[in-house]
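Asker: Compute the structure for the input listed below.
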Amino acid sequence: MGVLQIAVTLLLVMLLVKPMGSYMVKVFDYAPTRLDRLFGGFERCVYRLAGTDEKAKMGWKQYAGAMLLTNFVMLILMYVVLRLQHALPLNPDGIGNMPAAQAFNTAASFITNTNWQSYSGENGLSYLSQMLAVTFPMFTSAATGFAVAIAFIRGLAGGSDSLGNFYVDLVRSVTRIFLPLALLVALILVGQGVPQTLAAAAHATTLEGAQQTIARGLVASLESIKHLGTNGGGWMGVNAAHPFENPTPLSNVIHILCMMLLPTSLVYAFGLMIKNKRQGWAIFAAMGVIFLAMLTTVFISEYRGVPALSGMGIAENMEGKEVRMGIAQSALFTAVTTAATTGSVNNMHESLTPLGGMVPLAEMMLNNVFGGKGVGLLNGLLYLILAIFICGLMVGRTPEFLGKKIEGREIKLASIALLIHPFIILAPTALALATPSAVSSISNPGMHGLTEVLYAFTSGAANNGSAFAGLNANTDFYNIGIGVVMLLGRYISIIALLAVAGSLAVKRRTPAASGTLRTDTPLFAGILVAVILAIGALTFFPAVALGPIAEHLAMPK
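Answerer: Numbering: from 1, shown residues only. Predicted coordinates for the structure are as follows:
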């Protein structure tokens with residue numbers, strides 16, 4: 001039954017890939033469509049208010065500059081709202097101002113599409129903060145990732161130095177994709193019982209006569225965009241395990257579909273935009289193989305359980321899971337949320353078996369298994385460029401992709417984008433384990449404690465946001481450290497990627513010949529998987545071996 005549940009959910013995802021991918025191409029090709037009647041007027045008003053020329057084209061430096069400026073302004077505004085929330089309106093529960101280090105961490109988290117939370121949402125934020133410092137950047141950060149991915153694709157497919165217009169791509173992503181979908185999903189979630197109200201927390205008397213405070217708020221609107229935008233986080237501290245965020249099995253499936261919808265569809269849209277569907281499906285297949293391998297690992301590990309429970313006659317590991325979700329939907333949610341770099345959780349990742357807990361960690365370390373808005377596709381293309389380069393070295397031929405030669409500049413930039421990821425994970429983890437105050441935040445010593453710290457910095461670097469828990473991350477060390485890692489993980493790779501796109505955009509296309517390496521075949525998809533796994537193992541295996549693998553081997557048999 002569990003396998004059937006997973007199969008049906010993934011089938012629904014596949015049925016949505018082509019129509020959604022085709023719609024994306026229409027949104028970003030700038031050509032007149034029927035959609036202009038519905039959205040065009042509002043978009044033009046936004047451009048006028050912002051003083052933006054929607055017809056202006058941008059090179060990669062202009063595009064990157066516009067992206068950084070826009071994100072920096074929003075980051076400052078979010079920080080100010082969090083620091084002053086006690087004096088601002090829409091605070092019916094009288095929640096105080098957020099401390100400086102935590103406000104920095106939170107603002108950095110939501111502007112980078114990470115949505116890491118070192119606070120409990122219902123107790124740490126006012127309604128205004130939930131809207132302006134959380135829900136609003138969920139739209140803009142997701143749209144930023146989308147815009148960069150589309151710009152990169154234009155660089156691969158185009159014949160000029162223009163990557164489009166960042167402001168237009170940002171606005172069209174919000175108005176034509178995220179807002180309509182978020183409104184639809186929010187209404188469905190309200191129908192499932194998810195709250196949507198500005199009323200303060202409810203106070204109730206239990207059957208035993210005790211007083212209980214029940215948090216509520218604009219939960220449905222946040223839940224819809226947090227999953228569609230692969231943002232993560234949650235209105236409640238326990239995230240999608242809370243019955244107000246995820247009340248029914250159907251709402252759980254809706255969350256999973258929302259997380260997978262746009263990342264998978266973007267890969268198909270890539271094939272359409274470069275006019276080579278086979279290439280898009282080859283990359284989709286490579287990502288799909290890794291995803292299914294990860295899903296199988298966590299699914300089997302949780303069904304097998306652990307020896308300590310097996311000795312008591314309990315065959316499955318239900319620790320940290322909702323009974324109404326069960327192991328199948330918990331395992332699927334775990335694999336999806338880190339594959340799509342969402343960070344939302346419907347079970348406690350720390351309570352997974354060692355090998356089951358290794359799955360979300362490994363997916364964030366690879367950071368290219370579909371990924372969040374644009375992230376997975378972009379990292380997948382970077383690995384593809386390296387795979388082409390390696391194959392070119394083997395046959396003694398200058399590597400090409402889509403008719404454009406891959407040379408030293410592209411390889412250097414791709415290497416920077418890929419190597420910064422393990423560096424900002426492993427170096428801060430080592431620093432934390434060497435700092436007594438940071439070690440004191442670990443609740444479980446030994447191998448499990450190492451995994452807690454490693455998971456926290458991996459989540460920040462991958463802009464994922466899920467937590468392994470068990471680690472008190474609400475300290476100045478972790479708030480500032482993870483905040484810096486989130487910013488570096490987001491923007492260094494984006495700048496390098498846009499530079500690669502700008503370099504490829506001006507290159508002359510070379511006609512395919514008999515010696516041209518085809519990159520749209522099952523063989524090359526297999527090579528791409530091998531390169532991804534090899535690079536991932538070379539960079540992360542020692543750390544993983546000291547954490548979840550060692551913990552698995554140390555369990556009594």
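Asker: Next secondary structure element downstream of the worst-scoring helix or strand of the chain on mean pLDDT?
Answerer: Every helix and strand in the chain was compared by mean pLDDT, DSSP states H and E; the lowest is helix 307-310, with a mean of 76. Later in the chain than helix 307-310, the nearest helix or strand by DSSP states H and E is helix 326-339.
Asker: Averaged pLDDT, that next one. What do you get?
Answerer: Per-residue pLDDT over helix 326-339 has a mean of 93.
Asker: can you pull the buried residues of the least confident helix or strand of the chain?
Answerer: In terms of neighbour count (16 or more other CB atoms under 10 Å), helix 307-310 has its buried residues at residue 309. Placement of C-beta: from N, CA and C, glycine included.
Asker: What lies in contact with that helix?
Answerer: The contact list for helix 307-310, computed with CB atoms under 8 Å, 6 or more residues apart in numbering, reads 315-317, 319, 555-557.
Asker: Also stretch 19-36?
Answerer: 150, 164, 168-169, 172-173, 176-177, 261-262, 265-269, 271-273.
Asker: Can you list which of those are found in helices?
Answerer: Residues of the contacts of stretch 19-36 located in helices (DSSP state H): 150, 168-169, 172-173, 261-262, 265-269, 271-273.
Asker: How far away from the center of its chain is stretch 486-499?
Answerer: Between the centre of stretch 486-499 and the centre of its chain there are 14 Å (CA atoms, centre = their mean, to the nearest Å).
Asker: Hmm, I typed the wrong one, I wanted stretch 200-208.
Answerer: 36 Å.
Asker: got the contact list for that stretch?
Answerer: Against stretch 200-208 from outside (CB under 8 Å, 6+ apart): 92-93, 122, 211-216.
Asker: can I get the CA coordinates of it in CSV?
Answerer: Output of stretch 200-208 as CSV, limited to C-alpha atoms (Å, rounded to 0.1, in the frame of the first residue of the first chain):
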residue,chain,number,x,y,z
ALA,A,200,-5.5,36.5,17.7
ALA,A,201,-4.7,33.1,19.2
ALA,A,202,-7.8,31.3,20.6
HIS,A,203,-8.0,30.5,24.3
ALA,A,204,-9.9,27.3,25.2
THR,A,205,-10.6,25.2,28.3
THR,A,206,-9.8,21.6,28.0
LEU,A,207,-12.0,18.7,29.2
GLU,A,208,-9.7,18.5,32.3
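Asker: Let me know the outermost residue of this structure.
Answerer: Here the centre of the chain is the reference, and by CA atoms, centre = their mean the most remote residue is residue 209, at 43.5 Å.
Asker: Tell me if it really is in a strand.
Answerer: No. Counting by DSSP: H, G, I helix; E, B strand; the rest coil, residue 209 falls outside a strand, being coil.
Asker: ok, now which ones touch residue 53?
Answerer: Listed by CB under 8 Å, 6+ apart, the contact partners of residue 53 are residue 47.
Asker: Flag every buried residue along stretch 399-418.
Answerer: For stretch 399-418, the neighbour count (16+ other CB under 10 Å) marks 399-402, 404, 406, 410-411, 413-414, 416-418 as buried.
Asker: Looking at the contacts of helix 307-310, which one is closest to residue 249?
Answerer: residue 316 (17.9 Å; CB to CB).
Asker: mind checking how far the closest one is from residue 360?
Answerer: For residue 316, the distance to residue 360 equals 19 Å [CB to CB, to the nearest Å].
Asker: Looking at these two, which one has more neighbours?
Answerer: Comparing residue 316 with residue 360 by other CB atoms under 10 Å, the one with more neighbours is residue 360, at 28 against 16.
Asker: Please name the spatially closest residue to that one (chain neighbours excluded).
Answerer: Ranked by CB to CB, 6 or more residues apart in numbering and with sequence neighbours excluded, the top spatial neighbour of residue 360 is residue 338, at 3.9 Å.
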